[in-house]
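# I'll drop the sequence and a predicted model, then ask my questions.
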Amino acid sequence: MNSTSVPQPEPCNIVIFGASGDLTKRKLLPALARMHHWNLIAPNSRITGIVRNHEWDIDHWRSYVHDALQQFRPDCLSDTAAWQSISDMLALTVGDLSDAQTYTRLQETLISADGKTNVLFYLAIPPEWYERVASNLNAAGLLNESSGFRRIVIEKPFGSDLASARELNRTLREHMKERQIYRIDHYLGKEGVQNLMVFRFANTVFEPLWNRNYIDHVQISVSESLGVEYRAGYYEKAGALIDMIQSHLIQVMTLVAMESPVSLDGDAVRDEKVKVLKAVRPIPADRVSEFAVRAQYAGGTVEGKRIPAYRDEPGVDPDSTIETFAAIKLYIDNWRWQDVPFLLRTGKRLPNRVSEIAIRFKRPPMNLFSESSSQLPQNELIFRLHPDEGMVYLLNAKLPGLNDQLRELALDAPYAVAGADSPEAYETLLHDALLGQNALFSRADEVEESWRIVTPVMDAWKQKQSIRFYEAGSWDIPEIETMMQGCVGCWRDLSEHHQHGYSKST
């Protein structure tokens, strides 16, 4: 990473609620440590942890941070000086989140010598605490921006349905302005996702083709080999539809489908994304099965390891009908995308871990090479998000020789540059939050429109007491093929052999 050309934020006190939690340990502390290593956190900044355990003191907090970095980011502990510089940034406030005295003590730790204090609050806590913490911060005067900026980062889920999302947005705005709220979606911090806008609007090659006249359909896929791991409690309430499609995949879809913003200002970008969401055709309540498919993994084998069924996982209801796989077909009713299907799918305990966006183009209006190929493969542009971030363009070319035999050729363009050190998603998003750049964070109306889109599916699935099963480690979900009606071709093969774009769909 070349930090010399990256803007450095102002000094800031980064306050983490839920400092002893898993998100802090696995993601936030490693991200902040690497940002500090690259001088992307200003000198005189501070990282303040908020914990409820009264047995903790500053030494315990420092030990916890050191252990987290040792496990997840050991390169940031290369020598004693590196750790000491991180250790010197740490501060701690102990107290219950519902106790006003906790916020009084916090306020005392935020006072700086020059009277100027920028604060970024990160709520790494369960969503049911968001409103109470925001209310207590406001009551203590900690959201007042007279001495510096005050920003608050919250994690998904942003509500559990449309009504609760609206209520959460309403209550948060009682205590702060919308511009102070940073709803984080780590998927938007991925290099491959950010490159979508650059690819589309910094180049002229494909944008004239980026419409219903040339594109047959779009597939957005996130395949995971892991199961629910330690998240069974959350997953039993959410499932794949809410956990992935309502947030991550729909957000990615907006970047594929949006018009060019007038600038890269946060609201300019989000205005265009909201236009896409508002144009998404409602799924008819009586036809949900035509537009959405769900399934749950049974026992099977993944990467050579025997895997129990979802219902046998710790913390899961043995009669659960929560989906671990979901696919949905959406249409965007505007001039650019009318009648172009957007196919979104995601699942756990699938054969391998692959994330990609595939733009499948229409075939030529006639086949001049019918003697050598009865059916020309469709051109495809694939944005690989994982593994090996990059782009693959599949096109047809002539095999060397005296005949006219054709083959499918893959032009592979990895994003990685030799020696480059790309930031992790949380590093990108935390840096943006410190700078006040909110284009990669969700606005209230984005969240509400996303919930509107999936509500008919949620309602239909709640009424259905049965669920289809697929063997762990397989793609044995034939029902999703019915969603390809109206598309040319079939779902892309995401097996190990095809990860780099060599699809043979016809």
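Happy to help now that I have it. Numbering: from 1, shown residues only.

# excluding its backbone neighbours, what's nearest the spatially most central residue of the chain?
Nearest to the geometric centre of the chain sits Tyr187, at 2.1 Å (C-alpha atoms, centre = their mean). Spatial nearest neighbour of Tyr187, chain neighbours left out: His248 (4.0 Å); criterion: C-beta to C-beta, 6 or more residues apart in numbering. In short, each C-beta sits where N, CA and C put it, glycine included.

# Specify the local secondary structure of the residue lying farthest from the centre of the chain.
Distance from the centre of the chain peaks at Leu402, with 48.9 Å (C-alpha atoms, centre = their mean). What DSSP: H, G, I helix; E, B strand; the rest coil gives for Leu402 is coil.

# which residues sit in contact with the residue nearest to Tyr187?
Residues in contact with His248 (C-beta atoms under 8 Å, 6 or more residues apart in numbering) are 185, 187, 222, 346.

# In a strand, it, correct?
No: under three-state DSSP, His248 sits outside any strand and is assigned helix.

# mind starting the numbering at 34 from now?
With the count now opening at 34, the last piece we talked about shows up as His281.

# What score does it have for pLDDT?
What the model reports as pLDDT for His281 is 94.

# For it, give its distance to Thr379.
Look at His281 and Thr379: by C-beta to C-beta, to the nearest Å, they are 8 Å apart.

# joint contacts of those two?
In terms of C-beta under 8 Å, 6+ apart, His281 and Thr379 are both contacted by the residues Val255.

# so Leu442 sits in a strand?
Yes: assessed by three-state DSSP, Leu442 belongs to a strand.

# The nearest residue to it once chain neighbours are set aside: neighbouring residues, count only.
In space, and not counting its chain neighbours, Leu442 is closest to Ala430: 4.2 Å by C-beta to C-beta, 6+ apart. By other C-beta atoms under 10 Å, the residues close to Ala430 number 10.

# was I right about Ala430 contacting Gln438?
No: with contact defined as C-beta atoms under 8 Å, Ala430 does not reach Gln438; the gap is 10.4 Å.

# Can you spell out which helices and strands pack onto the longest helix along the chain?
If you go by DSSP state H, the chain has its longest helix at helix 477-496. Counting contacts by 3 or more C-beta pairs under 8 Å, 6 or more residues apart in numbering; DSSP states H and E, helix 477-496 packs against helix 195-208, helix 283-290, helix 299-312, helix 321-324, strand 325-331, strand 358-364.

# CA-only coordinates of that helix, as PDB, when you get a sec.
Listed next in PDB are the C-alpha coordinates belonging to helix 477-496 (Å, rounded to 0.1, in the frame of the first residue of the first chain):
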ATOM      1  CA  ALA A 477     -31.500   5.300   5.600                       C
ATOM      2  CA  ASP A 478     -33.500   5.200   2.400                       C
ATOM      3  CA  GLU A 479     -31.200   2.600   0.900                       C
ATOM      4  CA  VAL A 480     -31.800   0.300   3.900                       C
ATOM      5  CA  GLU A 481     -35.500   0.700   3.800                       C
ATOM      6  CA  GLU A 482     -35.700   0.100   0.000                       C
ATOM      7  CA  SER A 483     -33.600  -3.100   0.400                       C
ATOM      8  CA  TRP A 484     -36.100  -4.400   3.000                       C
ATOM      9  CA  ARG A 485     -39.000  -3.500   0.800                       C
ATOM     10  CA  ILE A 486     -37.600  -5.600  -2.000                       C
ATOM     11  CA  VAL A 487     -37.200  -8.800   0.100                       C
ATOM     12  CA  THR A 488     -40.400  -8.400   2.200                       C
ATOM     13  CA  PRO A 489     -42.700 -10.500  -0.100                       C
ATOM     14  CA  VAL A 490     -40.200 -13.300   0.000                       C
ATOM     15  CA  MET A 491     -39.800 -13.100   3.800                       C
ATOM     16  CA  ASP A 492     -43.600 -13.200   4.300                       C
ATOM     17  CA  ALA A 493     -44.000 -16.200   2.000                       C
ATOM     18  CA  TRP A 494     -41.200 -18.200   3.600                       C
ATOM     19  CA  LYS A 495     -42.500 -17.500   7.100                       C
ATOM     20  CA  GLN A 496     -45.800 -19.200   6.100                       C
END
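
# The following helix or strand past that helix - contacts with which helices or strands?
Toward the C-terminus, helix 477-496 is succeeded by strand 502-504 as the next helix or strand (DSSP states H and E). In terms of contacts (3+ C-beta pairs under 8 Å, 6+ apart), strand 502-504 is packed against strand 325-331.

# Run the chain-centre distance for the strand it packs on.
Mean-position distance between strand 325-331 and its chain equals 21 Å (C-alpha atoms, centre = their mean, to the nearest Å).

# can you list contacts of it?
So strand 325-331 is contacted by 260, 272-274, 316, 340, 342-344, 353-362, 380-382, 490, 493-494, 500-505, 510, 512-513, 515-516 (C-beta under 8 Å, 6+ apart).

# how about the residue nearest to Phe394 when sequence neighbours are not counted, what does it touch?
Nearest non-adjacent residue to Phe394, counting by C-beta to C-beta, 6+ apart: Asn412, 4.2 Å away. Neighbouring residues of Asn412 by C-beta under 8 Å, 6+ apart: 393-394, 426-429.

# change it to 10 Å
Counting by C-beta atoms under 10 Å, 6 or more residues apart in numbering, Asn412 touches 242, 247-249, 392-397, 426-429, 441.

# Most neighbours among those, please name it.
Comparing those by number of neighbours (other C-beta under 10 Å), Arg393 comes first, having 25 neighbours.

# residue ranges with poor pLDDT in the stretch 84-233 of the chain?
For the stretch 84-233 of the chain, applying pLDDT under 70 flags the ranges 145-149.
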